[in-house]
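Participant: Predicted model, plus sequence, below.
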Amino acid sequence: MRYQYGGELELDGEKQDNRNNILGGGVSAGYQLFPFLSGSASYGSILFGDNGAESQMIRVSLVFIYANTKKIKGQ
């Protein structure tokens, strides 16, 4: 969940009446594929807002971890 309020623009001393008042949310899921590789996917959107803003986001990520275990173990 994310709530955003404010950010109204003023141009040449005149307010533009474009303040943000937005509630957004989303869901994420992840899975450890191998000890060195994990993946996740997220979806988010604006749930409601009073300025007509619309947004949707999909994010997919893979994380590869490399660790030299010989150095960690002190060998």
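Facilitator: Received, thanks.

Participant: for G7, what are its contacts?
Facilitator: Listed by CB atoms under 8 Å, 6 or more residues apart in numbering, the contact partners of G7 are 18-20. To be clear about C-beta, it is placed using only N, CA and C from the backbone, and glycine gets the same treatment.

Participant: So which of those residues sit within strands?
Facilitator: Those of these mapping onto strands are N20, per DSSP state E.

Participant: what's the following helix or strand after the helix or strand hosting G24?
Facilitator: Counting by DSSP states H and E, the element that carries G24 is strand 20-34. Past strand 20-34, further along toward the C-terminus, the next helix or strand under DSSP H and E is strand 37-49.

Participant: residues making contact with that next one?
Facilitator: 20-33, 53-65.

Participant: Now do stretch 8-22, average pLDDT.
Facilitator: Per-residue pLDDT values over stretch 8-22 give a mean of 84.

Participant: Kindly report the same for stretch 53-65.
Facilitator: 94.

Participant: hmm, who's touching it?
Facilitator: Taking CB under 8 Å, 6+ apart as the rule, stretch 53-65 contacts 20, 22, 24, 26, 36-46.

Participant: Dig out what L37 forms beta bridges with.
Facilitator: F34, F64 (DSSP bridges).

Participant: can you count the residues close to it?
Facilitator: 12 (other CB atoms under 10 Å).

Participant: re earlier: between the contacts of G7, which is nearest M1?
Facilitator: N20 (15.4 Å; CB to CB).

Participant: Test my guess that that closest one contacts G6.
Facilitator: Yes - taking contacts as CB atoms under 8 Å, N20 lies within contact range of G6: 6.4 Å.

Participant: Mind checking which of these two has more residues around it?
Facilitator: Neighbour count, other CB under 10 Å: between N20 and G6, N20 has more, with 14 against 7.

Participant: dump the residue contacts of the more buried one.
Facilitator: Contacts of N20 by CB under 8 Å, 6+ apart are 4-8, 49, 51, 53.

Participant: among those, which are in helices?
Facilitator: Applying DSSP state H to the contacts of N20, no entry is found in helices.
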